[in-house]
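# sequence and predicted model, in that order:
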Amino acid sequence: MDAVRAVEGRAIPFGRKNVDTDLIIPARWLKTISREGLGEGAFEAVRADDADNVFDDPTFVDAPILIAGDNFGCGSSREHAAWALLDMGVRAVIAPSFSDIFAGNAFKNGILTVALPQEAVERLLEVAETDPITVDLEAQSVTTPFQDRFSFDIDPFRKRCLMEGLDEVGLTLERGEAISAFEARIAKHRPWLARGTGVAG
C-alpha cells in the first residue's frame with residue numbers, strides 16, 4: 001500500500017453520525033472482487049436523495065479527507081467500504097469515533113482514521129467549507145490555515161505501518177531472512193515436513 005505521512009487538501013464536510021458501511025457502499029456493489037470502480041457507488045443513497053450533496057459538489061471532487069460524525073463505519077464488516085473510500089481518493093477520515101472493524105479495515109488499506117473531540121470536528125467542518133486542511137501523521141496533528149491545531153493519538157504500530165506503507169505482506173517480507181533460515185532448518189532436520197513444499201531439494 002502507499003505510505004501515508006501527511007494528507008493535505010480539501011476535506012468533504014459530511015458530518016453525519018452513525019454512518020454504516022451500507023451507506024458508504026451499498027450491498028449491490030459487493031459482487032465485485034476488484035477494488036477499482038467502487039468510488040462510483042460510494043454514498044449512492046446520499047447522492048440519490050440530495051441533488052446538492054457534498055459528494056457531487058465539484059469543490060470536493062478528489063478531496064483526500066472526509067470529515068464525518070460519531071460512530072463512522074458502523075454496521076457490517078465489509079472491507080469494500082474502505083475500498084470505496086480509497087477509490088474516491090480519500091486517504092484520511094476525521095470523526096469523533098469509529099467502528100473498530102471499519103478502523104481496522106481502513107488501516108489495512110492505507111487510510112488514516114483520526115479521532116478528535118466533537119468540538120474539533122465541528123470546527124473542521126466549518127473550515128472545510130472554504131479552505132484546505134492538513135493531517136500530519138508524523139506530528140499527529142490536524143491543522144488549518146487559521147492556526148487551528150488539533151492533536152490526535154494513534155497506535156505506534158499502526159503509525160509506523162502507515163508511514164512506511166507496510167501492509168501484512170510487507171510486514172511478512174521484512175522477516176524474509178528469518179523465514180528463509182527457518183525453512184532451511186526444517187529442510188535439514190525434518191525433511192519429511194518439507195517434502196512437497198518446494199523447500200527440500
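Yes, it's here.
# please enumerate the helices of this protein.
According to DSSP state H, the chain carries its helices in the segments 21-24, 44-49, 80-88, 100-108, 118-128, 156-164, 168-174, 176-189, 191-194.
# how about those helices, which one is nearest Thr144?
helix 118-128 (4.7 Å; CB to CB). The C-beta positions use only the backbone N, C-alpha and C, and glycine is treated the same way.
# and that closest one, what's buried?
Across helix 118-128, burial judged by 16 or more other CB atoms under 10 Å covers Ala120, Val121, Arg123, Leu124, Leu125, Val127, Ala128.
# cool, and stretch 61-81?
63-75, 78-81.
# centroid-nearest residue for this protein?
By CA atoms, centre = their mean, the chain has its centre lying nearest to Ile111, at 2.0 Å.
# circling back: what's the farthest-apart pair in the buried residues of helix 118-128?
Ala120 and Ala128 (12.3 Å).
# follow-up on the earlier one: any chance of CSV for the buried residues of helix 118-128, columns pLDDT?
Formatted as CSV, the buried residues of helix 118-128 follow (pLDDT from 0 to 100):
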residue, pLDDT
Ala120, 98
Val121, 98
Arg123, 98
Leu124, 98
Leu125, 98
Val127, 98
Ala128, 98
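# now render those as CSV, adding distance to Ala6.
Output for those, formatted as CSV (distance: CB to CB, whole Å):
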residue, distance to Ala6
Ala120, 18
Val121, 19
Arg123, 20
Leu124, 16
Leu125, 20
Val127, 17
Ala128, 17
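# any idea which of those is the one closest to Phe150?
Ala120 (4.5 Å).
# measure that closest one to Arg158 for me?
Distance of Ala120 to Arg158, computed by CB to CB, to the nearest Å: 20 Å.
# ditto for Ala103
Taken as CB to CB, the span from Ala103 to Arg158 is 9 Å.
# give me the more crowded residue out of those two.
A count of neighbours by other CB atoms under 10 Å puts Ala103 above the other of Ala103 and Arg158, at 20 against 17.
# got the confidence number for the closest residue to Glu44 other than its chain neighbours?
Leaving aside its chain neighbours, Glu44 sits nearest to Pro26 (5.4 Å; criterion: CB to CB, 6 or more residues apart in numbering). pLDDT recorded at Pro26 is 94.
# and if you look at Ser34?
78.
# and Gln147, which of the helices of the chain is closest to it?
Between the helices of the chain, helix 118-128 lies closest to Gln147; by CB to CB that is 11.0 Å.
# check which helices and strands the closest one is in contact with.
The contact analysis (3 or more CB pairs under 8 Å, 6 or more residues apart in numbering; DSSP states H and E) places helix 118-128 against strand 11-13, strand 65-67, strand 92-95, strand 149-151.
# and of the ones you listed, who's closest to Asp50?
strand 11-13 (13.7 Å).
# what packs against the closest one?
By 3+ CB pairs under 8 Å, 6+ apart, strand 11-13 packs against strand 65-67, helix 118-128.
# in its sheet, what does that strand sit against?
Here strand 11-13 is paired, per DSSP bridges, with strand 65-67 (parallel).
# right, I'll leave it there.
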